[in-house]
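> Take this sequence and fold it.
(one chain, ligands or ions: 2)
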Amino acid sequence: MESLTLQPLARIDGEVTIPGSKSLSNRILLLAALAEGTTDISNLLHSDDTDRMLEALAALGVDIDVSADRARCRVTGVGGPLSTDAAEPLDLFLGNAGTAMRPLTAALCLGQGDFILSGVPRMYERPIGDLIEALRPLGADIEYLGTTDYPPLQIRGTGLQGGTVSIRGNISSQFLTALLMAAPMAAGDLTIQVEGELVSRPYIDITLDVMRRFGVSVDNRDYQSFHIRGGQRYRSPGQIMVEGDASSASYFLAAAAIAGGTVRVHGTGTDSVQGDVRFAEVLAQMGAQVTWNPSWIEVTRGALRGVDVDLNHIPDAAMTIATTALFAEGPTTIRNIYNWRVKETDRLSAMATELRKLGAEVEEGEDYIRITPTTHYQPAEIETYDDHRIAMCFSLAAFGEEPVTILDPGCTAKTFPDYFTRFGALTTPRAERTVQP
Ligand SMILES: O=C(O)C1=C[C@@H](OP(=O)(O)O)[C@@H](O)[C@H](O)C1
Ligand SMILES: C=C(OP(=O)(O)O)C(=O)O
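Ligands and ions are numbered 1, 2, ... in the order given. The predicted model follows:
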């Protein structure tokens, strides 16, 4: 397996423009494909997750034109549901992209044809049963091809009716996102009731915002129920720009808080629709200096202190807080993050294991993690479990006194293919230490 050893780093300084948001890119691609009209998308993220969505839409017959430098992407919408008349089921491989698997499951029920949704082995351990249970009463014909409640799935598209459905909110907000995006194209009006706690709520704001830009409004009753008029079509906004990815920004901002200098991240800021921009508020709470503008965020080093925080609203950027905690005074507790366990890997257990390798004291609860930093870091080999965010957030450990080896650094390709090059460009190594014989 490939690995990357980061020598101890002294400092980070500079400016970085982060790649487009994964969450926005995959939502925009899907709605552009369903919409009437042509959509010119700029700053689309190019990564494994968006490639899986692009490939699936192309296999479904959507006309997609990506410019040679990949800076622009033109999608000619089909102006209705996605269908196939192939005799054999159309196999769509969606890798480990939750933002492709969940929304496409609902969207493909709208059209006609036989589809198989497959992915990597880990995708077959990521639940989808709550979404299937909500779709079936609307007329969806979906079969589990492996374990009940998990992909792979076979969908026989026949259209969706309107009505009232319930969806559990406590495992993944992507189930609600999937229902919301399909809803306007159901035959009748749909009311979606959320059962229990709704996790990762800001991602629903991203969904509603993208739907609005494609001409559909949703009656949101305090995130408890949503009412959507049926029989509608999405309409292309013509041109749309993808904001920089706020989760990807978190690694650079945290690095500045630990070892800046100052870092300014361009592409996301106070005007962002992404909940993960609020990561900067947590850094400020820890003692970093944060300055915001509608299109950038700047962080300058501060004396960091541990915090006790509920980060259910920013589960992805929360992982960056876990490694930032290594450099704070006193323990940090991150609460209400149960669904870390059902993402790219069991992130609660993986983060605990890898943080301990560096010498930190870690308590892993069912839905929380407490990190007590050490004054003496150990050199460590970090297992990344095919999880891009583990690879990226452990790059921060290089601000300790020892080298850190990241195994399989290429796994960042899920959302940020050239992360380590960008990180390396802004950081300064510590002076070479003299090795005593
Ligand atoms: O809808 C989205 O774009 C996402 C929602 C979140 O997942 P959950 O809702 O499963 O927490 C997040 O972790 C994921 O990276 C992207
Ligand atoms: C949970 C994540 O991805 P997905 O969209 O596959 O759920 C993530 O990117 O951290």
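> Could you measure from S42 over to ligand 2?
According to CB to the nearest ligand atom, to the nearest Å, S42 and ligand 2 sit 22 Å apart. Where you see a C-beta, it was placed from the backbone N, CA and C, and this is true even at glycine.
> switch to numbering from 37
Okay, residue one is now 37; in that scheme the one you just asked about reads as S78.
> Nearest residue to that residue in space, please, no chain neighbours.
Using CB to CB, 6 or more residues apart in numbering and skipping the chain neighbours, the partner closest in space to S78 is M277 (4.8 Å).
> May I have the predicted confidence score for the one you found?
M277 is assigned a pLDDT of 97 by the prediction.
> And Y287, by the same measure?
Note for Y287: predicted pLDDT of 98.
> Run a quick neighbour tally on it.
30 (other CB atoms under 10 Å).
> for V102, same thing?
For V102, the count of nearby residues is 15 (other CB under 10 Å).
> so what's it up against?
Going by CB atoms under 8 Å, 6 or more residues apart in numbering, V102 touches L90, R108, C109, R110.
> Leaving out chain neighbours, which residue sits closest to the residue of the stretch 237-386 of the chain found nearest ligand 1?
Of all residues in the stretch 237-386 of the chain, Y239 sits closest to ligand 1, at 3.8 Å by CB to the nearest ligand atom. The shortest distance from Y239 to any non-neighbouring residue, by CB to CB, 6+ apart, is to S209 (4.6 Å).
> With N375 instead?
V235 is the one closest to N375 (CB to CB, 6+ apart), at 5.5 Å.
> rewinding a little: looking at it, the residue nearest to Y239 is touching D241, isn't it?
No - between S209 and D241 there is no contact under CB atoms under 8 Å: 10.0 Å.
> Compare neighbour counts for the two and give me the winner.
Legend: neighbour count by other CB under 10 Å for S209 and D241, higher for S209 (25 against 15).
> Now do the same contact list for the residue nearest to Y239.
Taking CB under 8 Å, 6+ apart, we find S209 in contact with L234, V235, S236, R237, Y239, I240.
> for the strand or helix carrying I357, packing partners?
If you go by DSSP states H and E, I357 is part of helix 351-360. Counting by 3 or more CB pairs under 8 Å, 6 or more residues apart in numbering; DSSP states H and E, the packing neighbours recorded for helix 351-360 are helix 282-295, helix 315-322, strand 368-371, helix 383-393, helix 424-429.
> okay, now the residue in the chain that ligand 2 sits nearest to: neighbour count?
Closest to ligand 2 within the chain is G134: 2.7 Å, counting by CB to the nearest ligand atom. For G134, the neighbour count with other CB under 10 Å is 24.
> if we can go back for a sec, what's next to the helix holding I357, contact-wise?
Contacts of helix 351-360 (CB under 8 Å, 6+ apart): 235-236, 282-283, 286-287, 290, 293-294, 312, 314-315, 318-319, 322, 340, 343, 345, 347, 368, 370, 373, 375-376, 379, 383, 387, 391, 405, 407, 425-426, 428-430, 432-433.
> Kindly recompute the last result at 7 Å.
236, 283, 286-287, 290, 293-294, 312, 315, 318, 322, 347, 368, 370, 373, 375-376, 383, 387, 391, 405, 407, 425, 429-430, 432-433 (CB atoms under 7 Å, 6 or more residues apart in numbering).
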